[in-house]
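>>> Show me how the following folds:
(one chain, ligands or ions: 1)
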Amino acid sequence: MNAGAIRTRILISSPFFRALPRRLVSRQTHSHACARPGVNAFTFGRISTTPDAMLGRARDRAQASGPRSAAPSSSVKPELAKQLFPSSSPHTHDGNIASWASSSQKPRPTVGANASARPPSFKPAAHDPLVSRSNNSQSRANSLASICSNAGSFQEELGTSSRPSQPYPPSSVYIADDDFSDDNTLELDYECPASLPPPPPPPAPKPAATLTSAPTTSQIPWSSSPQGHMFPPALPRKNILKRFLPEEAPPPGPPAAKKRSLPRRWAQRDTDALGDDDVQEIWATQAPKPLATPAPKKQTALPWDTTQSATKERRKQLKNQSKKSGVEPGFSTEEMREVTDEHVLQKTKASAISLSSEQQHVIDLVVRQKQSVFFTGPAGTGKSVLMRAIIAELKKKWARDPERLSVTASTGLAACNIGGQTLHSFSGIGLGKEDVPTLVKKIRKNAKAKNRWLRTNTLVIDEVSMVDGDLFDKLSQIARTIRNNGRPFGGIQLVITGDFFQLPPVPDGGKKEAKFAFDAATWNTSIDHTIGLTQVFRQKDPHFAGILNEMRLGRISDDTVQTFKDLSRPLGFDDGLSYTELFPTRQEVERSNESRLRSLDGPLVHYEAHDSGDPSLRDRLLANMMAPKGLALKKGAQVMLIKNMDETLVNGSLGKVIGFMNEMTFELWSTNGAGEGLDSGDEGEADAGSKKKIKAFSRDTDGSKDMKEYPIVRFTSTDGSHRVLLCIPEDWKVELPTGEVQASRKQLPLILAWALSIHKAQGQTLERVKVDLGKVFEKGQAYVALSRAVSKQGLQVLRFEKSKVMAHPRVIQFYNKLYSAESAVKTKKSPSMADFAYKGTSTKASKTTGYSSTSRSTGRRNVDVIDLDEEEAAMAAYG
Ligand SMILES: Nc1ncnc2c1ncn2[C@@H]1O[C@H](COP(=O)(O)OP(=O)(O)OP(=O)(O)O)[C@@H](O)[C@H]1O
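Take a look at the predicted model:
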């Protein structure tokens with residue numbers, strides 16, 4: 001049976017099929033009938049003429065046809081029911097998305113009509129989407145509304161759990177001729193096993209076992225060697241074989257088995273996917289010493305590996321090598337040695353992040369359980385780290401179909417941080433001021449935007465606190481209309497993060513106050529789970545984390561006020577590195593950076609960005625880019641890295657410009673010990689002396705290298721060690737999910753970093769920060785500013801006033817209701833809440849943040865809610 005046949009059967013025997021519109025059924029079956037005449041063609045041909053009645057029979061037949069055909073059905077059914085047909089319609093709307101669609105739609109059959117024509121054999125079961133949808137929708141809407149919308153409605157929600165089912169609203173979904181031009185979106189991410197790629201061959205013997213046993217004897221013939229011998233020899237194998245020619249074999253007797261670690265590439269790869277290169281690498285690594293040439297130094301790509309990825313990897317290594325071994329002109333020999341010493345790199349590489357259990361729980365919900373999730377939590381709880389991990393997982397999942405994942409954020413800067421695009425750009429709505437029918441028409445005219453809506457399975461939205469509630473509703477309705485799917489966001493899985501206590505949406509001209517996303521009518525029905533992250537990673541000091549948390553809630557004690565006032569003392573560090581200043585307004589920022597740059601001696605060096613892309617789009621797309629169009633630097637300038645280089649040199653690392661060199665001179669510095677003879681403390685002379693040498697050297701070169709001078713920056717990396725980097729231009733791209741580049745900018749990965757706006761600093765972690773709260777104008781702004789700091793020791797606060805600490809009452813109410821729901825759940829012990837609730841505990845979290853950590857679910861659709869402790873609840877209740 002081919003894949004198509006199996007797929008069709010599963011559709012028939014699943015609840016999904018019952019909800020398929022008539023025309024789609026006919027189309028699916030028709031194509032199948034054409035492909036496979038005979039029994040199937042007959043069956044499906046009949047279905048295509050009288051669908052509903054035939055569906056029942058087909059399903060019965062499929063079920064009766066034996067365990068083989070029934071198995072996929074039963075295993076798929078609940079999953080599909082859960083994923084495809086949860087409650088959908090926003091309670092503020094009648095569910096008739098036709099009213100949102102363009103007026104040019106033709107009369108169409110409706111799902112409602114199909115539902116009413118269902119034969120008795122389709123009596124709604126617990127998982128029948130056509131019935132439970134209405135039921136779920138109602139109870140879930142109530143449940144969620146009770147949590148987030150109505151002050152006293154939680155009790156009501158508990159009381160409504162036994163409400164009778166309500167019929168599905170009739171005639172609610174219209175189908176346009178081209179609405180199923182992309183039928184496979186309807187399958188979402190389910191594929192029947194037979195349509196998947198063939199299963200991998202049985203696992204190869206464990207590499208560890210193979211590899212450790214190999215060197216113990218020199219007489220391993222090819223036939224008993226690892227499965228690499230199965231592969232046809234390639235040219236370079238000559239070298240490998242040479243090592244194992246009998247005459248070159250070591251003398252008989254077991255040579256001392258040397259403990260060898262696995263090559264990294266081996267460890268990362270599937271053992272059953274060994275290629276020629278792997279064989280070579282394994283042999284190279286395994287070759288006993290006396291046999292042949294010494295084992296080559298550990299490489300991740302061999303010279304003869306000319307695959308694109310290997311070449312890219314090698315280039316990257318070379319680039320990193322030259323960067324990492326850089327020596328700072330003007331530093332003493334000892335300091336230079338310290339910088340170039342390999343141990344610095346070794347040490348820094350050890351500090352990789354491992355996700356906490358609550359972070360992993362969210363990954364599980366999103367990636368494995370395919371739930372729509374909103375995860376929130378105070379500043380520094382690792383929301384961005386988690387989001388990046390989720391994106392990485394989802395990218396792996398959709399490696400073959402990358403358009404299924406769309407990564408967006410509310411602002412350009414936030415989007416850059418996660419390698420995505422703005423929500424506006426993704427949706428193709430421009431500024432999005434028009435009403436939904438107009439926006440839908442606009443998108444339908446834009447094939448790319450329409451395709452994005454149709455192809456997306458998972459939509460990531462970062463920094464949701466800055467997404468306007470009306471925009472959220474519009475997007476949900478647009479998705480439902482364009483995808484012709486009445487579920488929230490047209491069935492797209494949402495992965496949303498942000499902290500509503502941080503910066504709110506920027507209100508547009510007409511509106512007095514911004515509307516939060518959680519105030520959107522469709523918010524509750526769009527989110528399956530709300531998870532509260534509780535473990536603060538940024539601040540290690542529990543007291544500091546605690547007072548920041550007070551600020552977050554806008555309720556600070558007198559002691560806390562005093563603590564912040566005491567932080568007005570100047571910051572003093574003796575390593576020459578200054579602090580970052582944060583200001584509420586952009587003017588203050590520019591003024592500060594310019595004056596600090598002016599105050600430095602020495603010539604100004606300008607770096608103009610090289611932009612490319614469609615000129616009509618380019619400037620707008622690149623306007624929000626962190627990398628500036630023009631950058632002026634001087635020796636001694638304080639800069640911030642705006643791109644991740646490796647584990648310890650990351651976006652946000654602070655550094656100081658210590659000189660300017662071209663790539664050639666920098667290489668010479670690092671490889672030829674160009675720092676010899678430099679006296680520490682005499683940077684000027686050192687520079688001059690070394691440049692003389694370098695000039696002489698560069699005359700001998702063929703001029704193929706870029707001789708432009710770039711800044712050499714001495715960074716303090718995340719583990720506190722110093723790293724020196726020649727900062728050469730990097731690329732920033734604004735691209736579509738397909739990888740098509742819309743605009744790009746080539747610029748140094750640096751910005752002046754004496755001062756930043758608080759809005760730009762959102763999402764950053766700063767070791768040393770001075771905050772001037774004088775002109776704070778926004779709720780959450782003071783909290784965002786102060787919570788960037790890692791410690792009190794690295795924080796200076798100017799013009800702190802209690803009145804500057806403002807939390808939005810609506811936000812307090814929102815979080816407070818999550819708490820109330822949690823309290824109620826604790827009392828009632830709802831049996832269903834355990835289904836998806838986060839069960840891990842985090843004692844560390846309660847120690848460091850004063851939070852208790854479990855999150856619970858409150859209803860059939862399981863909404864996890866944040867569990868606040870008494871103190872916080874008391875504070876939150878104030879709102
Ligand atoms: N699991 C983890 N283990 C160790 N460190 C972590 C972990 N998760 C996050 N961090 C660190 O905590 C700091 C804050 O993380 P992150 O910026 O993701 O927090 P956030 O919740 O997004 O903060 P904000 O709301 O302020 O943007 C970073 O320095 C990050 O490296």
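>>> average pLDDT across stretch 634-648?
Computed over stretch 634-648, the mean pLDDT rounds to 82.
>>> what about it and the ligand, touching?
No. Taking CB under 6 Å from any ligand atom as the criterion, stretch 634-648 and the ligand are apart, separated by no less than 10.1 Å. All C-beta spots, glycine's among them, are computed from the backbone N, C-alpha and C.
>>> can you check stretch 514-532 too?
No. Figure legend: stretch 514-532 not in contact with the ligand (CB under 6 Å from any ligand atom); closest approach 11.5 Å.
>>> Now do that stretch: distance from first to last residue.
23 Å (CA to CA, to the nearest Å).
>>> residues from the protein in reach of the ligand?
353, 355-356, 359, 379-385, 499, 537-538, 763, 765, 787.
>>> Now list the buried members of those residues.
Buried members of the residues of the chain next to the ligand, scored by 16 or more other CB atoms under 10 Å, are 356, 359, 379-384, 499, 537-538, 763, 765, 787.
>>> any chance of the residues you listed in CSV, with secondary structure and pLDDT too?
Conversion of these to CSV gives the following (DSSP: H, G, I helix; E, B strand; the rest coil; pLDDT from 0 to 100):
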residue, secondary structure, pLDDT
Ser356, coil, 90
Gln359, helix, 91
Ala379, coil, 91
Gly380, coil, 90
Thr381, coil, 91
Gly382, coil, 91
Lys383, helix, 92
Ser384, helix, 89
Asp499, coil, 94
Phe537, coil, 91
Arg538, coil, 91
Gly763, coil, 81
Thr765, coil, 83
Ser787, coil, 94
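>>> Buried ones in stretch 625-632, by neighbour count?
Judged by neighbour count using 16+ other CB under 10 Å, the buried positions of stretch 625-632 are 625-628, 631.
>>> Sorry, wrong one. I was asking about stretch 541-551.
Result for stretch 541-551 [16+ other CB under 10 Å]: buried residues 544-551.
>>> could you give me the average pLDDT of stretch 613-629?
Computed over stretch 613-629, the average pLDDT equals 82.
>>> and it, how far apart are its ends?
Distance between the two ends of stretch 613-629: 15 Å, counting by CA to CA.
>>> and what of stretch 360-368?
OK, stretch 360-368 end separation, CA to CA: 11 Å.
>>> One more: stretch 487-499?
End-to-end for stretch 487-499, by CA to CA: 26 Å.
>>> Same check on stretch 571-578?
Span of stretch 571-578 from end to end, CA to CA: 9 Å.
>>> Could you do stretch 645-655 as well?
By CA to CA, one end of stretch 645-655 lies 14 Å from the other end.
>>> As a markdown table, the buried residues of stretch 541-551 with pLDDT and secondary structure would be great.
Formatted as a markdown table, the buried residues of stretch 541-551 follow (pLDDT from 0 to 100; DSSP: H, G, I helix; E, B strand; the rest coil):
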| residue | pLDDT | secondary structure |
| --- | --- | --- |
| Phe544 | 94 | helix |
| Ala545 | 93 | helix |
| Gly546 | 92 | helix |
| Ile547 | 93 | helix |
| Leu548 | 94 | helix |
| Asn549 | 90 | helix |
| Glu550 | 90 | helix |
| Met551 | 90 | helix |
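>>> Among those, which one lies nearest to the ligand?
Leu548 (10.1 Å; CB to the nearest ligand atom).
>>> For that closest one, which non-adjacent residue is closest in space?
With CB to CB, 6 or more residues apart in numbering as the measure, Ser787 is the residue that lies nearest to Leu548, at 5.0 Å, once sequence neighbours are left out.
>>> contacting residues around that neighbour?
378-380, 538-539, 548, 551-552 (CB atoms under 8 Å, 6 or more residues apart in numbering).
>>> Out of the residues you listed, which comes closest to Thr456?
Ala379 (29.2 Å; CB to CB).
>>> Give me the phi and psi for the closest one.
phi -60, psi 140 (degrees, to the nearest 10).
>>> With Lys395 instead?
Torsion angles, degrees, to the nearest 10, at Lys395: phi -60, psi -40.
>>> Quick check: pLDDT value at the closest residue to it other than its chain neighbours.
Leaving aside its chain neighbours, Lys395 sits nearest to Leu405 (6.3 Å; criterion: CB to CB, 6+ apart). According to the prediction, Leu405 has pLDDT 94.
>>> what's across from the closest residue to Gly419 other than its chain neighbours in the sheet?
In this structure, Gly419 finds its nearest non-sequential neighbour in Val407, 6.4 Å apart by CB to CB, 6+ apart. Taking DSSP bridges, one finds Val460 as the beta-bridge partners of Val407.
>>> Quick one: mean pLDDT for stretch 799-808?
90.
>>> Oh, that last question was meant for stretch 572-581, not what I typed.
76.
>>> and Ala520, how many neighbours?
By other CB atoms under 10 Å, 23 other residues sit near Ala520.
>>> I'd assumed Asp611 was in a strand, is it?
Yes. Under DSSP: H, G, I helix; E, B strand; the rest coil, Asp611 sits within a strand.
>>> Which strand or helix spans the closest residue to Met645 other than its chain neighbours?
Excluding its sequence neighbours, the residue lying closest to Met645 (CB to CB, 6+ apart) is Leu725, at 7.0 Å. For Leu725, the element it lies in under DSSP states H and E is strand 722-726.
>>> mind pulling up the phi and psi values for the closest residue to the ligand within the chain?
Nearest residue of the chain to the ligand, counting by CB to the nearest ligand atom: Gly382, 2.8 Å away. Phi and psi for Gly382, reported as degrees, to the nearest 10, are phi 90, psi 30.
>>> Just list whatever residues bridge to His661.
No, residue 661 isn't His; it's Met. Beta-bridge partners of Met661, as defined by DSSP bridges: Tyr710.
>>> measure it to Ile531 for me?
48 Å (CB to CB, to the nearest Å).
>>> Strands of the stretch 601-750 of the chain, residue ranges please.
605-608, 610-613, 630-633, 638-641, 654-661, 710-716, 722-726, 730-735, 741-747, 750-752 (DSSP state E, counting those that start in this stretch).
>>> returning to what we had before: so for Met661 and Ile531, which residue has more residues nearby?
Set Met661 next to Ile531 and count neighbours by other CB under 10 Å: Ile531 wins out with 27 against 24.
>>> Now that one, what are its backbone angles?
phi -110, psi 130.
>>> Repeat that for Glu778.
Dihedral angles (degrees, to the nearest 10) for Glu778: phi -130, psi 150.
>>> what about the residue nearest to Asp772 when sequence neighbours are not counted, neighbour count?
Leaving aside its sequence neighbours, Asp772 sits nearest to Leu798 (CB to CB, 6+ apart; 4.5 Å). Leu798 has 12 neighbouring residues, counting by other CB under 10 Å.
>>> which residues of the stretch 451-600 of the chain score low on pLDDT?
The stretch 451-600 of the chain contains residues with pLDDT under 70 at 508-512, 576-577.
>>> show me where it has strands.
For the stretch 451-600 of the chain, the strands defined by DSSP E, counting those that start in this stretch cover 458-462, 493-497, 529-532, 580-583.
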